[in-house]
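Participant: Quick check, what structure comes out for this input:
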Amino acid sequence: MKILVPIKRVVDYNVKVRPNAAGTEADIAAAKMAMNPFCEIAVEEAVRLVERGLATEVVVVSVGSSKAQEQLRAAMALGADRGILVETDAQLEPLAVAKLLRALVDKEQPQLVILGKQSIDGDNNQTGQMLAALMGWPQGTFASAVTVDSGQVAVTREIDGGLQTLALNLPAVVTTDLRLNEPRYASLPNIMKAKKKPLDIIPVADLGVDITPRVSTLSVALPPERAGGVKVASVAELVDKLKNHAKVIP
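Facilitator: Just a heads-up that it's a prediction; the model follows:
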């Protein structure tokens, strides 16, 4: 079984992002970049399926600039067998990414696509669902446990009332939640081996997909700073402030 794992290059979660001077977009020119944390979980789960003898190949794919090769190599150091970069400098929306992934799925013919439920930059939580809809495949979202057996994948997901387990016929799309696993660290020998693993670069135009954006960003600004809290000496003072200053009670 072949597994396709889409990954995304994002600003490292430890970096505090600020708008640029013009207020038109986030200033990430000098920011530290990393693999999206949910994507790391997806790579780890795919590699574990290979280690358990349930899959034979893990192919990681990223859509973005040539700099995304760094994250693809990082994924291969974690155990992926090869990588594909769909190269473009355009700002892509989830639907465009899903259409590009569909083109790659048609080409690679994987039996399972595992991807993070969302990226920490856009937080859209749309690409996996859109890909499943475009492919006409069953989907299991927000997976906290994944089991593959007899042509099916069982996906356990957290819902408001507890846990729900879905049985999906392969091929299928699965999106990962934080509780699915804990990604491993890449060892130095595996980092060196990853440099020699195959990485194909495909210009976005070769896939024949319309990536024209449907949404434009008008401005980017930091949220207003919250005022500091105050201490009150009595319940009467608290009620006075809530009533006459905050005006949250009549």
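
Participant: all contacts plus neighbour counts: C-alpha atoms, from now on.
Facilitator: Noted.

Participant: ok, longest strand in this protein?
Facilitator: strand 139-149 (DSSP state E).

Participant: what pairs with the helix or strand following that one, and is each one parallel or antiparallel?
Facilitator: Going down the chain from strand 139-149, the next helix or strand is strand 152-159, by DSSP states H and E. Counting by DSSP bridges, the strands paired with strand 152-159 are strand 139-149 (antiparallel), strand 162-169 (antiparallel).

Participant: chain center to strand 152-159, what's the gap?
Facilitator: 18 Å (CA atoms, centre = their mean, to the nearest Å).

Participant: hmm, back to that, switch the strands paired with strand 152-159 over to CSV; also include mean pLDDT, mean neighbour count and distance to residue 26.
Facilitator: Formatted as CSV, those follow (pLDDT from 0 to 100; neighbours: other CA atoms under 10 Å; distance: least, CA to CA, whole Å):
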stretch, mean pLDDT, mean neighbour count, distance to residue 26
strand 139-149, 94, 19, 28
strand 162-169, 94, 14, 37
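
Participant: quick one: which of those strands is nearest residue 189?
Facilitator: strand 139-149 (28.5 Å; CA to CA).

Participant: pretty sure residue 128 contacts residue 117?
Facilitator: Yes. Taking contacts as CA atoms under 8 Å, residue 128 lies within contact range of residue 117: 6.9 Å.

Participant: Give the intersection of the neighbour lists for the two.
Facilitator: 141, 175 (CA atoms under 8 Å, 6 or more residues apart in numbering).

Participant: Please identify which of the two sits among more neighbours.
Facilitator: residue 128 (28 against 25; other CA atoms under 10 Å).

Participant: per-residue confidence at that one?
Facilitator: Listed pLDDT for residue 128 reads 95.

Participant: just residue 215 next, same as before
Facilitator: 87.

Participant: So it, which state does it fall into?
Facilitator: Secondary structure, DSSP: H, G, I helix; E, B strand; the rest coil: residue 215 is coil.

Participant: if we can go back for a sec, can I get the longest strand of the chain in CSV? Just the C-alpha atoms.
Facilitator: The C-alpha trace of strand 139-149 is given here as CSV (Å, rounded to 0.1, in the frame of the first residue of the first chain):
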residue,chain,number,x,y,z
GLN,A,139,-12.8,10.6,4.7
GLY,A,140,-12.0,10.3,8.4
THR,A,141,-11.2,13.7,10.0
PHE,A,142,-9.5,14.6,13.3
ALA,A,143,-8.1,11.1,13.7
SER,A,144,-6.9,10.2,17.2
ALA,A,145,-6.3,6.5,16.2
VAL,A,146,-5.8,4.8,12.9
THR,A,147,-6.0,1.1,12.2
VAL,A,148,-5.6,-0.5,8.7
ASP,A,149,-6.9,-4.0,8.1
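
Participant: Show residues contacting that strand.
Facilitator: 54, 117, 128-129, 132, 153-158, 166, 168, 172-181.
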